[in-house]
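J.: quick one, what's the 3D model for this:
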Amino acid sequence: MNKCIQLFLSAALMMYPCGLHAAEAGEQYALSRAAAQQAVCQWLNQNGYSYQIFPEPGGVLRLRSSSQTGDPWQLALRPHSPLATSVAVSSAGGTGKNAQLAELLPYLATVAAGSKEVSRPREGQQQQDGIPGPVLDQIGTVVCVRAGGPGETVQFTGFFIDKGLILCTAHDLGTTEEVSIVSTMGVHFKGEITRIDSQRDLALLQIRNGPEQMVSPGDGRNLIGMGEQIFSIGCPVALRGTVNTGFINGPPRRLHELPLWQADIEIQPGSSGSPVFDSNGVLIAVVKGRHRVSPGIGFLIPLEVITDFLQEKSKK
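T.: Now for the predicted structure:
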């Protein structure tokens, strides 16, 4: 019996009196509660954390530091649905070992994306489940965007193309009064719309401070082969860091003079604005949307349109 299960059983006999805080915030991952627990325990064990598990009503699990030395910390795993779990991290002190807890969240995003490896793959190395390492390396460039005004909020995807500069689709920004950004690391930012091009369905958002990691459209690819495998990273149904794979399954199309790639790839509400990469992690397109009748057919804004959009910005 492994350490995680042993602690779970012992904790079940000594229910911790502290209840779940109703307003406790967390990040959602496409993992069942059991899968999230397994991934969290594995990460904690491998990184030398001692902990106890306290089950709470509603299927909630709370993991607390068991060491008497050092700053206390705790994790809360709350079922969001049978296939999604919210994970909240809180700790006293942001330095030393507790600062390492921040690395747990991108790890869970990687697990949710299908990775079974604890460490990130080396450059050029592919994981066993078929998601190339260079693609997984781009997860940190992707953000969830929430936009809207009083009474209505829309969630979609964007990604950093420069320090603090985010590229996304424009069709959800029409009457936006407020924009908020959530990075893969779970950091929240207030965003500002700096440019909207409704014809190309592209927009730029600005935040004050962004991560150093970004996607370079200048290093992207324009030509994509029929049948070529592609990978999108986005926030479908607010599940940030989700990787979907598919392939180009039709010739280029035109919609109101906008050229589009047709692809067989899963696209759900919230996927618009997701960057699309080839197997080498090179940007090739941005997710625009899906076919209204055939959900298995998606449409992508090609790199040449992105390049034209950004070049017009640089001339102004």
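
J.: hey, which helix or strand in this protein has the poorest pLDDT?
T.: When each helix and strand of the chain is scored by mean pLDDT, DSSP states H and E, helix 3-12 comes last, with a mean of 36.

J.: after that one, next one along is what?
T.: Using DSSP states H and E, the helix or strand that follows helix 3-12 towards the C-terminus is strand 27-29.

J.: show me what that next one is packed against.
T.: Helices and strands touching strand 27-29, by 3 or more C-beta pairs under 8 Å, 6 or more residues apart in numbering; DSSP states H and E, are strand 84-91, helix 104-112. The way it works is simple: take the backbone N, C-alpha and C, and place the C-beta from them, glycine included.

J.: quickly compare those and say which is most buried.
T.: Among these, helix 104-112 has the highest mean neighbour count (mean count of other C-beta atoms under 10 Å), at a mean of 22.

J.: can you give me the mean pLDDT across that helix?
T.: Mean pLDDT, computed over helix 104-112, is 81.

J.: number the chain from 44, please
T.: Understood, numbering begins at 44; the last thing we discussed is helix 147-155.

J.: so how far is it from its chain's centroid?
T.: Centroid separation for helix 147-155 versus its chain: 9 Å, with C-alpha atoms, centre = their mean, to the nearest Å.

J.: who are the packing partners of the one helix or strand residue 202 maps to?
T.: Using DSSP H and E, the element containing residue 202 is strand 195-205. Applying 3+ C-beta pairs under 8 Å, 6+ apart, we find strand 195-205 packed against strand 185-192, strand 208-211.

J.: could you check how far residue 186 is from residue 103?
T.: 27 Å (C-beta to C-beta, to the nearest Å).

J.: swap in residue 210?
T.: 37 Å.

J.: and for residue 178?
T.: For residue 178, the distance to residue 103 - C-beta to C-beta - is 33 Å.

J.: looking at these two, which has the bigger crowd around it?
T.: residue 178 (25 against 18; other C-beta atoms under 10 Å).

J.: pretty sure that one contacts residue 326?
T.: No - between residue 178 and residue 326 there is no contact under C-beta atoms under 8 Å: 10.9 Å.

J.: for the protein, which segments are assigned as helices?
T.: 46-55, 76-89, 147-155, 176-179, 346-358 (DSSP state H).

J.: looking at these, which is nearest to residue 97?
T.: Nearest of the helices of the chain to residue 97, taken as C-beta to C-beta: helix 46-55 at 5.1 Å.

J.: tally of neighbours for the residue nearest to residue 246 when sequence neighbours are not counted?
T.: Spatial nearest neighbour of residue 246, excluding adjacent residues (C-beta to C-beta, 6 or more residues apart in numbering): residue 213 at 4.0 Å. The burial count assigned to residue 213 is 21, neighbours taken as other C-beta under 10 Å.

J.: got a list of what residue 213 touches?
T.: In this structure, residue 213 makes contact with 239, 240, 241, 243, 244, 245, 246, judged by C-beta atoms under 8 Å, 6 or more residues apart in numbering.

J.: what of residue 339?
T.: Residues near residue 339 by C-beta under 8 Å, 6+ apart: 307, 309.

J.: tell me the buried residues in stretch 227-244?
T.: 227, 228, 229, 232, 234, 238, 239, 243, 244 (16 or more other C-beta atoms under 10 Å).

J.: typo on my end, it should be stretch 271-290
T.: 271, 273-279, 281-289.

J.: flag the shaky bits of this structure, pLDDT-wise.
T.: 44-68, 110-113, 124-126, 135-141, 156-172, 193, 338, 356-359 (pLDDT under 70).

J.: about what we covered before: between residue 178 and residue 326, what contacts are shared?
T.: Listed as contacting both residue 178 and residue 326 by C-beta under 8 Å, 6+ apart are residue 320.

J.: roughly how far out does stretch 93-102 sit from the chain middle?
T.: Per C-alpha atoms, centre = their mean, the centroid offset for stretch 93-102 relative to its chain is 26 Å.

J.: C-alpha coordinates for it, PDB please?
T.: Extracted C-alpha coordinates of stretch 93-102, given in PDB (Å, rounded to 0.1, in the frame of the first residue of the first chain):
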ATOM      1  CA  SER A  93       5.200  15.300   4.000                       C
ATOM      2  CA  TYR A  94       1.400  15.600   4.200                       C
ATOM      3  CA  GLN A  95      -1.900  14.300   5.600                       C
ATOM      4  CA  ILE A  96      -5.200  13.900   3.700                       C
ATOM      5  CA  PHE A  97      -8.500  15.000   5.200                       C
ATOM      6  CA  PRO A  98     -11.700  14.000   3.400                       C
ATOM      7  CA  GLU A  99     -14.500  16.500   3.600                       C
ATOM      8  CA  PRO A 100     -18.200  16.400   2.600                       C
ATOM      9  CA  GLY A 101     -18.900  16.600  -1.100                       C
ATOM     10  CA  GLY A 102     -16.000  14.500  -2.200                       C
END
